[in-house]
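Novice: here is my input, please return the structure:
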Amino acid sequence: MTLEIPKTPYSGKIKEISLGKGSKSVKIGGETAYPFYTFEGEMPNLPKIAMEIYDCPPDEWPEAALEPFAGVTDDPVAWAKKCVDDYGAEMICLQLLSTDPNGLDRGADEAAAVAKEVADAIDVPLIVWGTANHEKDADVLRQVAEICQGKDLIIGPVEEGDYKKIGASAIGYHHTVVASTPIDINLAKQLNILLGNLGVPDDSLVMDPTVSGIGYGIEYAYSVMERIRMAALTQQDEKLQVPIICNIGKEVWKAKEVKISEAEDPKFGNAEKRGILLEAMSAMVLIMAGGDVLIMRHPEAIRLVREVMVELTAS
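Specialist: Next up is the predicted model:
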């Protein structure tokens, strides 16, 4: 007697889109089943990982996160090239920390010039991430979109408070938009609808439901991402059939648990190993929830995640 394993039928499909341009562009999405449920459907593209860089020296990073990038953290172009050349980054995310009005508050012209230099220096897809300050991001990201026309950037976060200004620039200069909402499936769907009504094409839209690391609310992020995938695949909700991006690296490495040294509290163990494992485990949780692109920091954490993904898809 042959044992037939029950299978869930899926009526929906995640949209497959291309990020970047040229031979190093990447495809994401295209799933016809839950993440890594290849016994029930297709997963044509494994999740992609973008290595993050900052446009100014990240003084708040713990030593374990800084060490792999020693000597380049004050030069975004050199930093991006090191990620690609030394660590095999398939994408880069430029975090525009210096534009934060509560920090250095650098102007849009300067930030856009840095983004252009980085985009010119690499041949992999580039994500440009603002500070989630609506007024500043609207100014900065619009100038980034204009000066980087032809580079096919991925621009975010685009929120309800600034989607018209940033979205219009992304449409005009042919960039992909990251629709960002605060851990709520209804708000995520609403913003996708608003961007669609504005004119953002389906193949130029990814969604950021907001994520967090283990110990800091990852269960809420997972639950919302899981519900998004369920609605997209089993309820044919076309407005949620959008690839998901997760900006997880900065969430993990800002936690106090990765900054406490072994000398301060021996029971915490080695700080470097602790941070790497926390980032890798947080990333895997989000991948299993449906993440298509992860923005990560430490090369060793990225290596571990890639290794697990290969094992999960091995026949």
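Novice: burial of Ser180, as a residue count?
Specialist: Neighbour count of Ser180, defined by other CB atoms under 10 Å: 25. Placement of C-beta: from N, CA and C, glycine included.
Novice: check Glu63 too.
Specialist: Neighbours of Glu63 (other CB under 10 Å): 12.
Novice: gap between Met284 and Met51?
Specialist: Met284 sits at a distance of 17 Å from Met51 (criterion: CB to CB, to the nearest Å).
Novice: just Leu240 next, same as before
Specialist: 28 Å.
Novice: if we can go back for a sec, more crowded one of Met284 and Met51?
Specialist: The neighbour comparison of Met284 against Met51 (other CB under 10 Å) goes to Met51, with 26 against 20.
Novice: and the helix or strand encompassing the more buried one, what does it pack onto?
Specialist: Assigned by DSSP states H and E, Met51 belongs to strand 48-54. Applying 3 or more CB pairs under 8 Å, 6 or more residues apart in numbering; DSSP states H and E, one finds that strand 48-54 makes contact with helix 76-87, strand 91-95, strand 291-296, helix 299-313.
Novice: quickly run through the sheet partners of it, with directions.
Specialist: Applying DSSP bridges, strand 48-54 is found paired with strand 91-95 (parallel), strand 291-296 (parallel).
Novice: JSON lines for these, including distance to Lys267, mean pLDDT and mean neighbour count?
Specialist: JSON lines is the format used below for the strands paired with strand 48-54 (distance: least, CB to CB, whole Å; pLDDT from 0 to 100; neighbours: other CB atoms under 10 Å):
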{"stretch": "strand 91-95", "distance to Lys267": "32", "mean pLDDT": "98", "mean neighbour count": "26"}
{"stretch": "strand 291-296", "distance to Lys267": "27", "mean pLDDT": "98", "mean neighbour count": "26"}
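Novice: who's in contact with Asp74?
Specialist: Residues in contact with Asp74 (CB atoms under 8 Å, 6 or more residues apart in numbering) are 56-57.
Novice: can you report phi and psi for it?
Specialist: With angles defined as degrees, to the nearest 10, Asp74 sits at phi -100, psi 10.
Novice: and it, what's its pLDDT?
Specialist: As predicted, Asp74 sits at a pLDDT of 97.
Novice: same question for Pro6.
Specialist: Confidence at Pro6, expressed as pLDDT, is 84.
Novice: spatially nearest residue to Glu16 (excluding sequence neighbours)?
Specialist: Nearest residue to Glu16 in three dimensions, chain neighbours excluded: Gly30, at 3.5 Å (CB to CB, 6 or more residues apart in numbering).
Novice: and what of Gly249?
Specialist: Leaving aside its chain neighbours, Gly249 sits nearest to Arg297 (3.6 Å; criterion: CB to CB, 6+ apart).
Novice: could you do Ile214 as well?
Specialist: Ser282 (4.9 Å).
Novice: over to Tyr87?
Specialist: Per CB to CB, 6+ apart, closest to Tyr87 is Pro299, 4.5 Å.
Novice: for the one you found, which residues are in contact?
Specialist: Pro299 makes contact with 51, 68, 87, according to CB under 8 Å, 6+ apart.
Novice: same question, Glu60
Specialist: Glu60 sits next to Lys254 when contact means CB under 8 Å, 6+ apart.
Novice: now Lys164: how far from Ala115?
Specialist: 21 Å.
Novice: mind listing the strands for the stretch 201-315 of the chain?
Specialist: Under the criterion DSSP state E, counting those that start in this stretch, the stretch 201-315 of the chain contains strands at 205-208, 244-247, 291-296.
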